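Novice: here is a sequence together with a model predicted from it:
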Amino acid sequence: MTRQIIVGNWKMNGTSRDSQALVEALLAGLPATLPDIVICPPFTQLALVAEKLNSSPIALGAQDCHQNASGAHTGDISPAMLADLGVSYVILGHSERRQEHGELDDTVRGKAIAATQAGLTPIVCIGETEEQRESGQHFDTLGWQIKGSLPDNFTGILAYEPIWAIGTGRAATEEEIAETMHFLREELVRQFGEAGKTLRILYGGSVNAKNAASILSIADVAGALVGGASLNAEAFLSIIGAASAA
Ligand SMILES: O=C(CO)COP(=O)(O)O
């Protein structure tokens, strides 16, 4: 079995002091057997965290990037700039960016292409709203998001994050996750053929120390994208421990 991957998305949290303390606590508490681990601090903390992680088993990720390599894009950060800092993963199309910044599938797709060209592994997020699930439109939504957001020859990671499960403490049930993973796998195979069979799919949305082991044992769940619980060293280390055992 391939190793699971645990990704911590710190979102817009953390001063230098917080980041330093969190990374030190994580490095001090890592178990002997490890899954792949990625932490994604805010842009402002990347250089500091990169230095701290130097030659550790934890990889560095960012939370977004621009689709162009450079140019007149005030306030933006290019994939090449991230790679230059030692970043190897980038979260793209998170629902908070889709909702707060009006980011569309097409843009996410462009960013995934640019990130891959710069040598980064994109983690492309998709997920339905509560209304879409309640009205039975969740699979249609996810299908369209996959078609629109993933480039041809996609080799990155897909993250399924139901919007209603993000930051609510109400993770999707094991049945909901299992059924959705099955659907996503079929869609990936439809879109990418043989290659779609091995693309990794993460679950995200209220993953915590308590529910991690059962979520990570669901068929086709290759790991977790963790928000709130990744800001707490003890909780994040428990999730890492659950992934090592999965
Ligand atoms: O959005 C998420 C990770 O990208 C999930 O956040 P929570 O784990 O806080 O629900």
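Specialist: That came in fine, so what should we check first?

Novice: contacts, neighbours, all on C-alpha from now
Specialist: Fine.

Novice: next, Gly223: phi, psi?
Specialist: Dihedral pair for Gly223: phi 160, psi -170, per degrees, to the nearest 10.

Novice: ok, Ser78 next?
Specialist: Here is the backbone geometry of Ser78 (degrees, to the nearest 10): phi -90, psi 160.

Novice: residues near the closest residue to it other than its chain neighbours, how many?
Specialist: For Ser78, ignoring the flanking residues on the chain, the nearest one in space by Cα to Cα, 6 or more residues apart in numbering is His66 at 4.9 Å. His66 is flanked by 21 other residues according to other Cα atoms under 10 Å.

Novice: over to Pro42?
Specialist: A count of nearby residues for Pro42, using other Cα under 10 Å, gives 20.

Novice: how about Asn68?
Specialist: 18.

Novice: hang on, the earlier thing: what's near enough to touch the residue nearest to Ser78?
Specialist: Residues in contact with His66, defined by Cα atoms under 8 Å, 6 or more residues apart in numbering, are Asp76, Ile77, Ser78, Pro79, Lys111, Ala114.

Novice: what pLDDT, on average, does the strand or helix carrying Leu82 get?
Specialist: Assigned by DSSP states H and E, Leu82 belongs to helix 79-84. In this model, helix 79-84 has an average pLDDT of 98.

Novice: give the buried residues for that helix.
Specialist: Buried residues in helix 79-84, counting neighbours by 16 or more other Cα atoms under 10 Å, are found at Pro79, Ala80, Leu82, Ala83.

Novice: any idea how far the last one is from Asp36?
Specialist: Translated: Ala83. 19 Å (Cα to Cα, to the nearest Å).

Novice: returning to that earlier point: what residues does the helix holding Leu82 touch?
Specialist: Contact with helix 79-84 is made by Ala62, Cys65, His66, Gln67, Asn68, Ala69, Ser88, Ala114, Ala115, Ala118, Gly119, Leu120, as judged by Cα under 8 Å, 6+ apart.

Novice: rerun at 6 Å
Specialist: The contact list for helix 79-84 (Cα atoms under 6 Å, 6 or more residues apart in numbering) reads Cys65, Ala115, Ala118.

Novice: of these - the most surrounded one?
Specialist: Ranked by the number of neighbours (other Cα under 10 Å), these place Ala115 first, at 31 neighbours.

Novice: list the contacts for that one?
Specialist: Pro79.

Novice: what strand or helix carries it?
Specialist: Using DSSP H and E, the element containing Ala115 is helix 105-117.

Novice: now that helix: buried residues?
Specialist: By neighbour count on 16+ other Cα under 10 Å, the buried set for helix 105-117 is Asp105, Asp106, Thr107, Val108, Arg109, Gly110, Lys111, Ala112, Ile113, Ala114, Ala115, Thr116.

Novice: redo the contacts of helix 79-84 as JSON lines? Include distance to the ligand and pLDDT.
Specialist: Formatted as JSON lines, those follow (distance: Cα to the nearest ligand atom, whole Å; pLDDT from 0 to 100):
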{"residue": "Cys65", "distance to the ligand": "15", "pLDDT": "98"}
{"residue": "Ala115", "distance to the ligand": "18", "pLDDT": "98"}
{"residue": "Ala118", "distance to the ligand": "22", "pLDDT": "98"}
